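> 3D model of this:
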Amino acid sequence: MGHVLSWIIMMPIQFFSSIDTQGRYSFANQPSIIQWNLVRLAECLLPLIDKDEKRSIEIAQNLINTFSLLFKDKWLQMMKKKLGIKDQSEDDEELINNLIKWMQQKKPDFTNTFCNLMNYDHADDEEFEDDEFNNWKREWKKRVESKEYLDVMMSCNPTLIPRNYLVEEALSEAETDGKFDKFNELNEIISSPYQLKKVNIKYLETPSKTNIPYKTFCGT
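Below you'll find the model as predicted:
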């Protein structure tokens with residue numbers, strides 16, 4: 001039952017829980033951990049799939065073995081949409097993976113990277129002046145010559161997100177001082193994350209770099 005993904009998607013290695021020290025549930029490991037969970041679920045359902053245990057295992061195994069290609073197809077569809085690519089090309093996977101590889105190396109903000117590609121460079125991050133990134137952009141621009149590409153991108157790339165430090169500020173002020181001004185303002189702004197709007201620059205910028213790690217847990 002323990003089929004291993006033969007294809008590993010290149011994704012930023014981001015941990016979303018401070019207790020996940022080995023990165024079992026990191027962004028890059030999502031495909032394999034999803035399949036592992038499917039195997040565990042299938043093991044519980046074996047008696048319901050078929051009365052014959054060997055036949056039941058075979059059916060479950062065959063279904064689980066299709067997950068890798070299914071995940072890859074859905075992931076590529078999602079990434080193509082985020083990049084405004086509407087048609088098919090055999091070079092799309094390489095184009096996408098080259099961007100992800102650059103993001104792994106330079107560690108730019110994920111949200112702001114796609115904002116930059118939508119010509120909405122509100123963050124003015126120095127990473128986007130990188131020669132490798134701009135060379136990649138030139139290749140990507142050749143791929144999205146249609147005028148509709150920006151509409152496709154803006155339909156699935158948020159221009160702002162509820163960043164952890166802003167959420168913490170709002171919660172702290174509400175808990176300590178009983179004031180909900182920051183909470184209400186943040187709540188209003190993120191209610192329409194895909195719309196370009198004039199907001200305080202602090203809602204668009206990444207948090208200042210600090211040596212103090214931000215603690216997150218499974219329920220964060």
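
> Give me the domain ranges for the chain.
Structural domains assigned to the chain are 87-154, 164-203, following automatic domain parsing.

> Can you tell me which of those is packed in deepest?
Counting by mean count of other C-beta atoms under 10 Å, domain 87-154 has the highest mean neighbour count of the domains of the chain, with a mean of 15. Every C-beta, even on glycine, is put in place using the N, C-alpha and C of the backbone.

> related to what we said a few turns ago, possible to save the domains of the chain as TSV with mean pLDDT?
Output for those, formatted as TSV (pLDDT from 0 to 100):
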stretch	mean pLDDT
domain 87-154	90
domain 164-203	87
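
> I'd like the ones you listed laid out as JSON lines, including distance to Lys72.
Shown next, in JSON lines, are these (distance: least, C-beta to C-beta, whole Å):
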{"stretch": "domain 87-154", "distance to Lys72": "9"}
{"stretch": "domain 164-203", "distance to Lys72": "26"}
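
> Mind giving me the packing neighbours of the longest helix along the chain?
Ordering each helix of the chain by length in residues (DSSP state H) puts helix 30-49 first. If you count contacts as 3 or more C-beta pairs under 8 Å, 6 or more residues apart in numbering; DSSP states H and E, helix 30-49 packs onto helix 53-64, helix 67-82.

> 6 Å instead?
helix 53-64 (3 or more C-beta pairs under 6 Å, 6 or more residues apart in numbering; DSSP states H and E).

> buried sites along the helix it packs on?
Neighbour-count burial for helix 53-64 flags Ser56, Ile57, Ala60, Ile64 (criterion: 16 or more other C-beta atoms under 10 Å).

> among those residues, which two are most distant?
The largest distance within those, taken as C-beta to C-beta, falls between Ser56 and Ile64 and amounts to 12.5 Å.

> coming back round to it: out of the domains of the chain, which gets nearest to Ile19?
The closest of these to Ile19 is domain 164-203. By C-beta to C-beta, the value is 16.0 Å.

> first vs last residue of the closest one, how far apart are they?
End-to-end distance of domain 164-203: 11 Å, with C-alpha to C-alpha, to the nearest Å as the criterion.
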